[in-house]
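Participant: no FASTA, just this:
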């Protein structure tokens, strides 16, 4: 399975859910029923070798936005390029609202000084060529 340019392994323990209103079985209820344009929510973990593995995947009603939640990469936040990598997904934040754990809105330099490798971030925006163009990024820590 490939999402945001990242490959996810699927195991027999990977669970599938379909939360669409039309989920009455028209396309089946398993991972094999997924199609290219489906809107999915993936709950994944890294295996012992560092690969991404699907714990659960939920097919949901289509939404225009995308969300990525996970740890910031070792490179952290780069104010020169306005990017941060979250759970392996490059996130651009030139025009995003950058939100600190207490809810205050930050400017790019202050935000980047707070973000450290391994911090948990939630980025919301739109997918474009395997990266997220963020509208909002929350630093959860």
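Facilitator: Sure, I can see it. In this text the structure is predicted, and so the values were computed from the model without any measurement. Numbering: from 1, shown residues only.

Participant: just checking, what packs against the strand ranked longest in the chain?
Facilitator: Looking across the chain with DSSP state E, the single longest strand is strand 66-78. Packing contacts for strand 66-78, counted by 3 or more CB pairs under 8 Å, 6 or more residues apart in numbering; DSSP states H and E, involve strand 83-86, strand 89-92, helix 108-114, strand 120-128. All C-beta spots, glycine's among them, are computed from the backbone N, C-alpha and C.

Participant: for residue 37, find the nearest of those.
Facilitator: For residue 37, the closest of these is strand 120-128, at 12.0 Å, according to CB to CB.

Participant: what angle sits between the closest one and strand 66-78?
Facilitator: Here strand 120-128 runs at an angle of 110 degrees relative to strand 66-78 (axes from the mean of the first three to the mean of the last three CA atoms, to 10 degrees).

Participant: quick check: neighbours of strand 120-128 in the sheet, parallel or antiparallel?
Facilitator: Using DSSP bridges, strand 120-128 pairs in its sheet with strand 66-78 (antiparallel), strand 131-139 (antiparallel).

Participant: could you give the average pLDDT over that strand?
Facilitator: What strand 120-128 shows for mean pLDDT is 93.

Participant: list the buried residues in it.
Facilitator: By neighbour count on 16 or more other CB atoms under 10 Å, the buried set for strand 120-128 is 121-125, 127.

Participant: wait, isn't residue 68 in contact with residue 90?
Facilitator: No. Contact criterion CB atoms under 8 Å: residue 68 and residue 90 do not qualify, at 9.7 Å.

Participant: which one of the two has more residues nearby?
Facilitator: Between residue 68 and residue 90, residue 68 has the larger neighbour count (other CB atoms under 10 Å), namely 25 against 18.

Participant: quickly list what that one is bridged to.
Facilitator: residue 123.

Participant: can you tell me the centre-most residue of this protein?
Facilitator: Centroid check for the chain by CA atoms, centre = their mean gives residue 68 as the closest residue, at 2.0 Å.

Participant: roughly how far apart are residue 52 and residue 88?
Facilitator: When distance is defined by CB to CB, to the nearest Å, residue 52 is 7 Å away from residue 88.

Participant: any common contacting residues for the two?
Facilitator: residue 6 (CB atoms under 8 Å, 6 or more residues apart in numbering).
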